[in-house]
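J.: The following block contains a protein sequence and its predicted model.
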Amino acid sequence: MTTPAPSVQDTDVTFADFNVRPEIVAALAEAGIVKPFPIQAMTLPVALQGHDIIGQAKTGTGKTLGFGVPLLTRVIGPGEDGYDQLPAPGKPQALVIVPTRELAVQVAKDFEVASAKRSVRIVQLYGGRAYEPQIEALNTGAEVVVGTPGRIVDMLKQRHLTLSRAAVVVLDEADEMLDLGFLPDVEKILAQTPAVRHTMLFSATMPGAVVSMARRYMNQPTHIRANDPEDAGATHKNIKQVIYRAHALDKTEMLSRILQARGRGLTIVFTRTKRTAAKVSEELVERGFAAGALHGDLGQGAREQALRAFRNGKVDILVATDVAARGIDVENVTHVINYQTPEDEKTYLHRTGRTGRAGQLGTAITFVDWDDVPHWALINKALELGIPEPIETYSSSPHLYTDLDIPEGTKGRLPKEARTRAGLDAEELEDLGETGKRTSRSSDRGGRSGRDGSRDTRGRSQRGGSGDRDRKSAASEDKAPTGEKSERPKRQRNRTRRVNGEVSATATATEASGEKAEGSSASSTEKRRSRTRTRRPAQSTGETQASE
């Protein structure tokens, strides 16, 4: 006899009231997770019966466990009943596809918490890390794979990953995968999974392309939408929205004073470009704040170092770009500050959704440049915020202090007695055998990753394949119209030319600068001048090309 599913309206319902493995219930209880959130309570009865699901919910509503608990309930780990009877023990039984590296880490971490009392093996596949440890983990055996589309496709092409036994497939943040151009890769991956499978798709919004994909790859899915009945608006009711028209030259000073507001906890500062994220982080550190940067020019080790330092409280300010911050789920974020105006209303909701999570209160502050006022008006209209013209505000404006509860007399530098955080350097920087990174001067400033030699200057995958396709997401961080040009290191070339029937080397950088080797004779100097005069027309062209 099947026990009827508990009602979503029942506030006393717990995970134990559903048909969930007792080991999972116990593991969640040890982690302090007893009562499911609305999206979880609505998803569990349907998912546990094996029905396909389209789940739609705002960020921060806890949908990871909504699909994670049914997925983990279905898979069988080594030593558990039925494992030896599987058609292919050790091959992935479930797959979760996510758009970003940070989200892959977060989902895998939540899975590990829920399966702490079981032998289920969870493998993460994402770019920026060396291939070899991931290949070794797959060869050893894995029940669940969590990864980004690019690295999953690479592993499939290299035949290190087999999905023919993946009976459960989850697409998380499907709308973000659409925005980042990953849907073709997702379709390639789905083609490698069994035709009969349990598919769950979760997305904050439902663009046409996502709906079309759901129709092609899902079987009569149940559409679940979790909305707080008290929150009919587009934005969370428990997030205070504050919008200021700010001058570009005064933003850092305003930010520094806001960060000293009473009751401020962990804070995320959003920028539109990588260089701005690095610059703001550097300036905050110089002013005495414990800040770290998170953007696409950082190696994966530095990105994970910044996130760990933020979660562990060693830094309380994370300066991040939109792409790098997708999937960040950190508790007790009290403030989100939009240092630069978001691209659109969807980005605004994503940014502000980092605070006010799980019923807590939060504050979202947005700086609007003079040139961005018309752009902000469109965002305001779409979200019905009622602030079409932000109030002109400076770091010395009295209303800034009263609006955000900033103590009177606060200046733009953190007093020495208030500098109690350990800082980013106190968090260990792991050597991940990183692949596919690019060098950037701004990265060395904002993320401090340049000191430890963790950066790979080759900029290509060590295995010569496509590397990590989620590099596209990092590259998109530079698309904001800031007028900044990318710095490209000049290449030094050694050329050879045939002179009088002999091959002679082009003057090196030392010779070009006019330096003479010790002990050189006058005759050798004259010969060198003669060769230079002989080569001048051709070399002029080469020098022009090299400098461009």
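T.: Nice, thanks for sending it over.
J.: care to break this protein down by domain?
T.: 15-226, 239-412 (automatic domain parsing).
J.: Report the mean confidence score over stretch 279-286.
T.: The average pLDDT for stretch 279-286 rounds to 97.
J.: picking that back up, possible to save the domains of the chain as TSV with distance to residue 418?
T.: C-beta coordinates here come from the backbone N, C-alpha and C atoms, glycine included. Output for these, formatted as TSV (distance: least, C-beta to C-beta, whole Å):
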stretch	distance to residue 418
domain 15-226	29
domain 239-412	8
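J.: Quantify the burial of residue 135 by counting its neighbouring residues.
T.: 16 (other C-beta atoms under 10 Å).
J.: Which of the helices or strands spans it?
T.: In this structure, residue 135 sits in helix 131-140 according to DSSP states H and E.
J.: again with residue 209
T.: For residue 209, the host element (DSSP H and E) is helix 208-217.
J.: Show me what that helix is packed against.
T.: helix 174-179, helix 183-190, strand 198-203 (3 or more C-beta pairs under 8 Å, 6 or more residues apart in numbering; DSSP states H and E).
J.: roughly how far apart are residue 353 and residue 268?
T.: 11 Å (C-beta to C-beta, to the nearest Å).
J.: who has more neighbours, the two?
T.: Using other C-beta under 10 Å, the more surrounded residue of residue 353 and residue 268 is residue 268, with 23 against 20.
J.: pretty sure that one is touching residue 334, no?
T.: No. Using C-beta atoms under 8 Å, residue 268 is not in contact with residue 334; the gap is 9.9 Å.
J.: can you list residues touching both of those two?
T.: Taking C-beta atoms under 8 Å, 6 or more residues apart in numbering as the contact rule, residue 268 and residue 334 both touch residue 355.
J.: packing partners for the helix holding residue 135?
T.: Right, helix 131-140 is packed against strand 122-125, helix 149-157 by 3+ C-beta pairs under 8 Å, 6+ apart.
J.: would CSV of those with mean neighbour count be doable?
T.: Shown next, in CSV, are those (neighbours: other C-beta atoms under 10 Å):
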stretch, mean neighbour count
strand 122-125, 24
helix 149-157, 23
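J.: Which of those sits closest to residue 425?
T.: Minimum separation from residue 425 across those (C-beta to C-beta) falls at strand 122-125, 25.8 Å.
J.: helices or strands up against the closest one?
T.: Against strand 122-125 (3+ C-beta pairs under 8 Å, 6+ apart) you get helix 101-114, helix 131-140, strand 144-147, helix 149-157.
J.: so which of these gets nearest residue 205?
T.: Nearest of the helices and strands packed on strand 122-125 to residue 205, taken as C-beta to C-beta: helix 101-114 at 16.3 Å.
J.: Helices along the stretch 251-400 of the chain, start to end?
T.: Secondary structure of the stretch 251-400 of the chain (DSSP state H, counting those that start in this stretch): helices at 251-258, 274-286, 300-311, 322-325, 345-352, 373-383, 398-404.
J.: Just the mean pLDDT for the fifth one, thanks.
T.: This points to helix 345-352. Mean pLDDT, helix 345-352: 87.
J.: swap in the first one?
T.: The average pLDDT within helix 251-258 is 97.
J.: what's that helix in contact with?
T.: Residues from elsewhere that reach helix 251-258, judged by C-beta under 8 Å, 6+ apart: 244, 246, 264, 269, 280, 283-284, 287, 289, 335, 337, 339, 365, 367, 393-395, 400-401, 404, 406, 410-414.
J.: tell me the angle of that helix relative to helix 274-286?
T.: Here helix 251-258 points in a direction 50 degrees away from that of helix 274-286 (axes from the mean of the first three to the mean of the last three C-alpha atoms, to 10 degrees).
J.: any idea how far helix 251-258 is from the chain center?
T.: How far helix 251-258 lies from its chain's middle: 25 Å, per C-alpha atoms, centre = their mean, to the nearest Å.
J.: circling back: what about the helices and strands packed on helix 131-140, which gets the closest to residue 211?
T.: helix 149-157 (18.9 Å).
J.: picking that back up, quick check, distance from the helix holding residue 209 to the centre of its chain.
T.: Centroid separation between helix 208-217 and its chain, computed with C-alpha atoms, centre = their mean, is 25 Å.
J.: what comes into contact with it?
T.: Counting by C-beta under 8 Å, 6+ apart, 54, 174, 175, 178, 183, 186, 187, 190, 199, 201, 203, 221 sit against helix 208-217.
J.: Just the buried residues out of the residues you listed, in ChimeraX syntax.
T.: Buried residues among the contacts of helix 208-217 (16 or more other C-beta atoms under 10 Å), as a ChimeraX selection:
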select :54,174,175,178,183,186,190,199,201,203,221
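J.: Which of the contacts of helix 208-217 sits closest to residue 385?
T.: residue 175 (21.5 Å).
J.: measure that closest one to residue 310 for me?
T.: 25 Å.
J.: Low-confidence stretches in the stretch 1-150 of the chain?
T.: For the stretch 1-150 of the chain, applying pLDDT under 70 flags the ranges 1-11, 58-60.
J.: Just say helix, strand or coil for residue 20.
T.: Assigned with DSSP: H, G, I helix; E, B strand; the rest coil, residue 20 falls in the coil class.
J.: Please tell me how far it sits from residue 81.
T.: 16 Å.
J.: out of those two, which sits in the more crowded spot?
T.: Set residue 20 next to residue 81 and count neighbours by other C-beta under 10 Å: residue 20 wins out with 20 against 7.
J.: got the phi/psi numbers for the more buried one?
T.: Main-chain torsions, residue 20, degrees, to the nearest 10: phi -110, psi 150.
J.: got the contact list for it?
T.: Going by C-beta under 8 Å, 6+ apart, residue 20 touches 44, 48, 69, 73.
J.: So which of these wins on neighbours?
T.: Counting neighbours by other C-beta under 10 Å, residue 69 comes out on top of those with 28 neighbours.
J.: pretty sure that one contacts residue 37?
T.: No. Residue 69 sits out of contact with residue 37 when judged by C-beta under 8 Å, with a separation of 11.6 Å.
J.: so the helix or strand containing residue 42 versus strand 198-203, what angle?
T.: For residue 42, the enclosing helix or strand under DSSP H and E is helix 38-48. For helix 38-48 against strand 198-203, the angle by the same axes, to 10 degrees is 160 degrees.
J.: Which residues belonging to stretch 21-34 are considered buried?
T.: Under 16+ other C-beta under 10 Å, the buried positions of stretch 21-34 are 21, 23, 24, 25, 27, 28, 33.
J.: just stretch 331-343 next, same as before
T.: 333, 334, 335, 336, 337, 338, 339, 340, 341, 342.
J.: Reformat those residues as CSV; add distance to residue 143.
T.: Shown next, in CSV, are these (distance: C-beta to C-beta, whole Å):
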residue, distance to residue 143
333, 32
334, 37
335, 39
336, 36
337, 41
338, 40
339, 42
340, 42
341, 44
342, 39
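J.: Most widely separated two among these?
T.: Spanning the widest gap among those are 334 and 341, at 21.6 Å by C-beta to C-beta.
J.: related to what we said a few turns ago, closest to residue 15 out of the helices and strands packed on helix 208-217?
T.: Nearest to residue 15 among these is strand 198-203 (17.6 Å), distances taken as C-beta to C-beta.
J.: The closest one pairs with which strands?
T.: strand 53-57 (parallel), strand 168-171 (parallel) (DSSP bridges).
J.: From the rest of the structure, what touches the first one?
T.: What it means is strand 53-57. 39, 43, 46-47, 63, 66-67, 199-206, 214, 218, 221-227.
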